[in-house]
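**Q** when you get a sec, could you give me coordinates for this:
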Amino acid sequence: MLFIVIEDFTGCDCKEIYRRFRDRGRLKPDELLVHHSWIAADMSRCFLLVEADDVTLLQRWVIEWADLVEFEIVPVATNKEMAEALSGHL
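**A** Next up, the predicted model:
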């Protein structure tokens with residue numbers, strides 16, 4: 001399953017966030033696949049496209065960062081997948 005993950009750094013200690021990332025990496029479970037990530041121009045948020053077969057992988061990842069970052073996680077599907085899923089219902 002695909003997810004858009006929005007990491008919100010607003011009101012957070014950005015230096016500590018980037019220090020932890022530099023020193024320890026993403027701190028995500030190996031089974032959680034990050035396809036792409038983008039940082040907002042003002043560095044206030046990070047947007048990631050991730051894939052996981054088990055939502056608890058995302059929860060384990062969030063726990064590693066919850067003291068520094070606010071997360072929003074949105075399950076998504078590609079346009080092609082959605083069109084195929086709805087093809088018999090339109």
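
**Q** endpoints of stretch 26-34, how far apart?
**A** From its first residue to its last, stretch 26-34 covers 10 Å (C-alpha to C-alpha, to the nearest Å).

**Q** can you mark which positions in it are buried?
**A** Using 16 or more other C-beta atoms under 10 Å as the test for burial, stretch 26-34 gives Lys28, Pro29, Leu32. Placement of C-beta: from N, CA and C, glycine included.

**Q** need these in CSV with pLDDT, can you?
**A** Shown next, in CSV, are the buried residues of stretch 26-34 (pLDDT from 0 to 100):
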residue, pLDDT
Lys28, 94
Pro29, 94
Leu32, 96
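
**Q** mind checking pLDDT for Leu86?
**A** Per-residue confidence at Leu86 stands at 88 (pLDDT).

**Q** if you could redo that for Trp61, that was the one I meant.
**A** So Trp61 comes in at 96 (pLDDT).

**Q** what does the one 4 residues further on give?
**A** According to the prediction, Trp65 has pLDDT 94.

**Q** repeat that for the one 3 residues further on.
**A** The predicted structure scores Leu68 at 91 on the pLDDT scale.

**Q** how about Leu90?
**A** Reported pLDDT for Leu90: 63.

**Q** cool, Glu81 as well?
**A** Value listed for Glu81 in the pLDDT field: 87.

**Q** neighbouring contacts of the one helix or strand it maps to?
**A** Secondary-structure assignment from DSSP states H and E places Glu81 in helix 79-86. For helix 79-86, contacts defined as C-beta atoms under 8 Å, 6 or more residues apart in numbering pick out Ala77.

**Q** so where is the protein shaky, pLDDT-wise?
**A** Counting by pLDDT under 70, the chain has low-confidence residues at 90.
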